[in-house]
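Peer 1: Give me a 3D structure for the following:
(4 chains)
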Number of protein chains: 4
Amino acid sequence: MSKLKTLRGIIAYPITPFDAEEKVDIHLFKKLTDRLVTSGSHAIAPLGSTGVLPYLNDQEKEAVVEATVEVVAGRVPIVAGVSNLTTERTIYHARFAETAGAAAVMIIPMSYWKLTDDEIFAHYRKVAEAISIPIMAYNNPATGGIDMSPALLKRLLEIPNVTMIKESTGDVQRMHYLRRVLGEEVAFFNGSNPLALAAFSAGAVGWCTAAPNLIPELNHRLYDAILANDLAGAREVFDAQSELLTFITANGLPRTIAAGLQIQGIESGLLRSPLAPLGAGDYLKLKSLLGEVG
Amino acid sequence: MSKLKTLRGIIAYPITPFDAEEKVDIHLFKKLTDRLVTSGSHAIAPLGSTGVLPYLNDQEKEAVVEATVEVVAGRVPIVAGVSNLTTERTIYHARFAETAGAAAVMIIPMSYWKLTDDEIFAHYRKVAEAISIPIMAYNNPATGGIDMSPALLKRLLEIPNVTMIKESTGDVQRMHYLRRVLGEEVAFFNGSNPLALAAFSAGAVGWCTAAPNLIPELNHRLYDAILANDLAGAREVFDAQSELLTFITANGLPRTIAAGLQIQGIESGLLRSPLAPLGAGDYLKLKSLLGEVG
Amino acid sequence: MSKLKTLRGIIAYPITPFDAEEKVDIHLFKKLTDRLVTSGSHAIAPLGSTGVLPYLNDQEKEAVVEATVEVVAGRVPIVAGVSNLTTERTIYHARFAETAGAAAVMIIPMSYWKLTDDEIFAHYRKVAEAISIPIMAYNNPATGGIDMSPALLKRLLEIPNVTMIKESTGDVQRMHYLRRVLGEEVAFFNGSNPLALAAFSAGAVGWCTAAPNLIPELNHRLYDAILANDLAGAREVFDAQSELLTFITANGLPRTIAAGLQIQGIESGLLRSPLAPLGAGDYLKLKSLLGEVG
Amino acid sequence: MSKLKTLRGIIAYPITPFDAEEKVDIHLFKKLTDRLVTSGSHAIAPLGSTGVLPYLNDQEKEAVVEATVEVVAGRVPIVAGVSNLTTERTIYHARFAETAGAAAVMIIPMSYWKLTDDEIFAHYRKVAEAISIPIMAYNNPATGGIDMSPALLKRLLEIPNVTMIKESTGDVQRMHYLRRVLGEEVAFFNGSNPLALAAFSAGAVGWCTAAPNLIPELNHRLYDAILANDLAGAREVFDAQSELLTFITANGLPRTIAAGLQIQGIESGLLRSPLAPLGAGDYLKLKSLLGEVG
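Peer 2: Residues are numbered from 1 along each chain as shown, chains lettered A, B, ... in the order given. Presented below is the predicted three-dimensional model:
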C-alpha cells in the first residue's frame, strides 16, 4: 500500500462520455482522462458519481477501468469506483480493479433498503477480505442514500485495508469530529466542492473533485496555498472559484462538466437517458461563470 | 386496459427469496406468491421494493416475472415492477413484462443523480410509448431518492397509459391534494402501510402492501370496512394491525416479511447480501406483535 | 372537572383584533367571539396561536380572558391559552384564567432554548399544582419550537390534571400511536386543519381550529358525519373545505382569518406589527376559495 | 458609527445569573461581565441568547443594559440584544440601549407566526429609523424560528444603519455566499461556535461567542492565528477547543456556561425556570472537557 500512504492533493474524477447510441465512448473517455493527468491531478478516480457508475453495466465498467489504466500509464495512482447494491457484485468489481492495476478502490454503501450499521460493516469487511489494495470508504447520503455516522466510519477503519475516508455530507463539524476521533493516521478526503476551503482548513489531506475537468489551475492553486499555510491566499483563490463549484455541484456533475467542456471547446460526448443535457438557461449561466474565472 | 380500470383493493407484494448461495429460489417464490392469491389479494405485484428489485440482475428479474405469471395463472391481475436507473433498461423490462402477461407495470424514477422534472417526464414518456399496458407511477423518496411533486404527478398523467398513482411519501395532505387536483378518474393507490386508514379515508382506491404475506385477514377486513362505509369498524381493525404495520415498514420489508413468515412456520428463504436477517431483539418484538394479532 | 370530561367536537379559536394604534380592540373581540358561540362551537379557546398570545402583554392577556368569560356567559366551556416562556408567568396566567372562569387551560411549552424532557415535565407539573382545572398539553413544533415525543406526552399524562392532548405536528402515525399508547381514557384533539379528516378517522375527539370564524357550517358538517359513522359523507364535506383549510394554515391564521372575515363583510380589525395583512395576491386567492365554498 | 467600523474579533456574551428567588442577580452579572472585559474581549454583548433575553421582563432588560454600561465603563463597545416579538417593543428597547450608551444593537427577527420577508424588512426598517446606532442583523433559525435567506439579508443591508450580519445557521456555503454577494464592506460575524475556524477561513471578521466565559485564552489564540495568516496554528488551537465548543452549543449555552463557571470555581448563580441546571452526567463530561483544555 506504499503508493497510497502518500495519496493526497487533487483526486480528479473523469466523466463517462456516451456516443449517439448512448454507448460508452471509450476513445473519448481516454482523451478526457489524459487531460486530467496532464493538468496535474495527483490521482485519477474513474467510475465515481461523476462517471455515472450506477448507470453502466458490468462490461462497461470493466472497459472504463481498463481504459483508465491504459491511458494513465502509471503516471499517477488510480482510485476506481466499484460500488454496487449487492456485496457479490462489489467484490467482483473490486477484484477486477485490483487485477487491472488500480491502486485503491472507492466504495459507497449504496442503498435501496436502508442498511443497518452491521450490514454496512459486513459489506466492507467482505470486500476488503477479497482484495489486497486499500479501500476509500465514501460517505454521501445525497447520492448513496445512507449517511454513515462518524461512529460507523470509525468502526470501518478497524478493517485493515480501509485506510481512507471520503466525506461528502457537507457538514464541517463532522470533519472536525473525524479528525479528532480518527487521529492523524487516517487520511481524510473531502468530496464536497463548495466546502473545499473549509475542509482543507479542517485538515483534509485531499479533495476528490470533478472540477479539474474545467478549472484545474484554480483547484491546484487552492491546494498549493494550503500547503504553503497561506490562509489569505487560499481564501482569495477559493473565492474566485466558489460560485462555479457551487453551480456544478448543485446542477449535477455529469451534466455540468459535459456542458462546461463543450463551452471550452472540448468534445464531451452525450449523456445516457434519463440524464439530459443542462438546460439552456443553466448553460448560459455556466458560460458566464467560466468566463469570469477564465 | 379494461382489466385495470377496475384494479382496486389489496395489491400484494411478494418477497424474493434466496437460497444458501444467494441465488433466487424460484420454486419458493411461487409457493409464497400462491399464498397471496389464495388469501384473497386483488392483484399481485412482483419486483417491488419488497421483492428487492434493484438487487436482481436482468435474468433474475425475467425469471421472477415469468414465475409470477405461471403461478397466478390469470386468477388476478399482475402489476410488475420494472424500474431501472436507465431509460433503456426500464423499456426493456417493461416490454418483457407486457409480453409475459402482466396487466400493468409499476415504475419509480430511481435516482442516483437527482433528475429534473423534464428528465423524469421524458423517462416515463419513452417507456409508455414502448408498451401498451398501463403504468402505475410510483412516488417514494425514501427508497427511490426522488420526491415527485404533485404538479409533476399531474403532468405524468398527460401520458395516455399512465393511469395510476402510487404515493408512499406518508404525507396525508398530498393525498388530499392529489384527489382534488387529479379528480376521480385517476386511480390513486397508497403505498404507506402505517397510513392505510388515513389513505382510504382520503379516498385511495387501493393499498399496495407486503402485509398480506403475514396478516391477510386483517388487511382485507380493513378494506371491507371501508367499502361498507363503516369508519368505526375500519378504525377498530386498523388499530389492531397498526403497530405491526409500523414495525414492518420501519425495519425494512424484505427483512421483516421473511422473519414474520418464519415465525409463522412458513419457509421464507434467505436474503441477498448486504441485506441481513432481522436482529434477535427485533425478531422477538415481531414475534410478540404477530402473537397479539394472531 | 366534569364539564371537561365531555369536551369534544369543534373547539373554536378567535383572533385578537387590534385598532389603528395597534391596541387590542376588546369590543370587536367580543363581537367576533360571540359569532363563534352562536354558530355552534362546542368550546371557545382564546389566546391561542390564532389569538397571537405571545404578542400580548400581561394586561392585554387578562383583558382578553375576562372579555371571553363575559361574552360566552356560560354557554360553552372556555379553554384559555396561558403559555409563556417562563414557568412563573405561566402559573400566573393559569391562575388568572381559573379565577376568571375558564374551564381548562391550554399550554404549549414555548422554547427559545430547547428544553429537556425533564424541564418540560417540571414546567407542566408546577403549573398543574398551582391550579385545579384541567390542562390541555399542546404540541406544535412549528410555532412552539419544541416537538414533544409521544413518550413525553405519555409522561405528562401522569400529572393528574393533564387530561387532554392537542397534537399539531401533522403526523398521522403519531395520532395512531397516541391512541394506541394512551388508550381511550385520554382525550386526543387535533390542531392541524389540513389533517382534520385523517385525525377524526384516527379517533380524535375534537378539532381545535380557527376555521369556524369563516366556515362554521362546513366544519360542523364534517364533525356530524364522523359522529354518524359516515366516512363517505365526511370525505365529501372535507374535500369541499380542504383547500381552504390548507390555505389558511399555510399563510398564517391571524392574517388569513382577518382577511377572510373582511371578505365576508365582517369587521376584523388590524394586526400588530411585525405581522402585516395578507398580500394582495393571496387575498384574491382567499376570496376565490371562500366563494367556492360559500 | 465610527467605533463600530472597527468592530471585529471576539464579541463575548455574558450569561444573566439569577438568585434563589429566580430574580436577576445584577451584582453577580457585573462581576461576570467584568471578567469578560479583563480577559480581552473586543466587545460585550448582553441580552443575547446566552443572556436569556426572552425570559426577562422589560425592567430586567433595562437593568441588565444599564449594568453592562456601568461595568464596561467604555473599555470596549457594547452590542445590546433588543429582539422582541413585536416591533413596538423592539423599538422601545433599541432606544433604551442607545440612550444608555450601547454602541450597537443586535436584532434577531423572533417568530411565533412565521414572518414574510416583507414583514421582516419592515420590522428592521422601523427599528432602524428609530435609532441612530448601527444594527447587527442576526440569523439563527434554531432559536429564532426564522431562517433569513441570503437574499433577505442582502436586502436588509439597504437600510443605512444595518451594517453587520451575524450568521448562526452553521452553513459554511452561506458564509461564502454572503461574502461573495455582500462584498467586503459589510462586516460578517459568525455566531456558530463549532464553525469558528471554518467561518474565519471564509472571511468572518468576528466571532460572537459565550466561550470566553470559560476559555478566553484559547478563543483569543484562535483569532490571533487567523490575524497572523497562520492556518496550521489556527487549526491546532481550534482542534484543542472544538469538542468543548460543540458540547456547550449542543447542550444549551445558559446551562453549560453556568456549569462551566461553577466547575472553574466561579460563582454563576441559578437559572430561571423552566431552564434547569445541566444534568449530572453532562456536568461530569463538561468537567472532563474543561480539564483537558485547562
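
Peer 1: so how far is chain D from A:Lys114?
Peer 2: Using Cβ to the nearest Cβ, to the nearest Å, one gets 25 Å for the distance from A:Lys114 to chain D. Every residue, glycine included, has its C-beta placed from N, CA and C.

Peer 1: quick one: secondary structure of that residue?
Peer 2: Put simply, A:Lys114 is coil when judged by DSSP: H, G, I helix; E, B strand; the rest coil.

Peer 1: measure it to A:Asn139 for me?
Peer 2: According to Cβ to Cβ, to the nearest Å, A:Lys114 stands 14 Å off from A:Asn139.

Peer 1: next one: A:Asp118
Peer 2: Distance, A:Asp118 to A:Asn139, by Cβ to Cβ: 17 Å.

Peer 1: Pick out whichever of those two has more residues nearby.
Peer 2: A:Asn139 (24 against 13; other Cβ atoms under 10 Å in any protein chain shown).

Peer 1: mind listing what's buried in stretch A:172-188?
Peer 2: Residues A:Val172, A:Gln173, A:Arg174, A:Met175, A:His176, A:Tyr177, A:Leu178, A:Arg179, A:Leu182, A:Val186, A:Ala187, A:Phe188 are the ones in stretch A:172-188 that count as buried (16 or more other Cβ atoms under 10 Å in any protein chain shown).

Peer 1: and if you look at stretch A:266-274?
Peer 2: Buried, per 16+ other Cβ under 10 Å, within stretch A:266-274: A:Ser268, A:Gly269, A:Leu270, A:Leu271, A:Arg272, A:Ser273, A:Pro274.

Peer 1: How about the last one, nearest residue that isn't a chain neighbour?
Peer 2: It stands for A:Pro274. In space, and not counting its chain neighbours, A:Pro274 is closest to B:His123: 4.0 Å by Cβ to Cβ, 6 or more residues apart in numbering or on different chains.

Peer 1: residues in contact with the one you found?
Peer 2: A:Ser273, A:Pro274, B:Thr87, B:Thr90, B:Pro109, B:Leu115 (Cβ atoms under 8 Å, 6 or more residues apart in numbering or on different chains).

Peer 1: In the stretch 1-150 of chain A, what residue lies closest to chain D?
Peer 2: Closest residue of the stretch 1-150 of chain A to chain D, Cβ to the nearest Cβ: A:Pro150 (11.8 Å).

Peer 1: roughly how far apart are the most centrally placed residue in chain A and D:Ser192?
Peer 2: In chain A, the C-alpha nearest the mean C-alpha coordinate belongs to A:Cys208, at 4.5 Å (Cα atoms, centre = their mean). Using Cβ to Cβ, A:Cys208 is found at 26 Å from D:Ser192.

Peer 1: do A:Asp34 as well
Peer 2: Taking Cβ to Cβ, one finds A:Asp34 at 43 Å from D:Ser192.

Peer 1: Determine how far the last residue of stretch A:178-197 lies from the first.
Peer 2: 17 Å (Cα to Cα, to the nearest Å).

Peer 1: Stretch A:269-279 now?
Peer 2: 16 Å.

Peer 1: List the buried residues of the lengthiest helix in chain A.
Peer 2: The longest helix of chain A (DSSP state H) is helix A:231-250. By 16+ other Cβ under 10 Å, the buried positions in helix A:231-250 come out as A:231, A:233-235, A:237-238, A:241-249.

Peer 1: What backbone torsions are found at the residue of the stretch 1-150 of chain A found nearest chain C?
Peer 2: Across the stretch 1-150 of chain A, the shortest distance to chain C (Cβ to the nearest Cβ) belongs to A:Lys114, at 17.2 Å. Phi and psi for A:Lys114, reported as degrees, to the nearest 10, are phi -60, psi 130.

Peer 1: Ok, A:Ala94 next?
Peer 2: Torsion angles, degrees, to the nearest 10, at A:Ala94: phi -60, psi -40.

Peer 1: wait, doesn't it sit right on A:Ile107?
Peer 2: Yes - if you go by Cβ atoms under 8 Å, A:Ala94 and A:Ile107 touch, sitting 7.5 Å apart.

Peer 1: where do the contact lists of the two overlap?
Peer 2: A:Val82, A:Val127, A:Ile135.

Peer 1: Format those as CSV; extra columns: distance to chain D.
Peer 2: Shown next, in CSV, are the shared contacts of A:Ala94 and A:Ile107 (distance: Cβ to the nearest Cβ, whole Å):
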residue, distance to chain D
A:Val82, 30
A:Val127, 32
A:Ile135, 26
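
Peer 1: looking at it, A:Glu114 is touching B:Asn251, isn't it?
Peer 2: Not quite, residue A:114 is Lys, not Glu. No - contact between A:Lys114 and B:Asn251 fails when scored by Cβ under 8 Å: they sit 9.5 Å apart.
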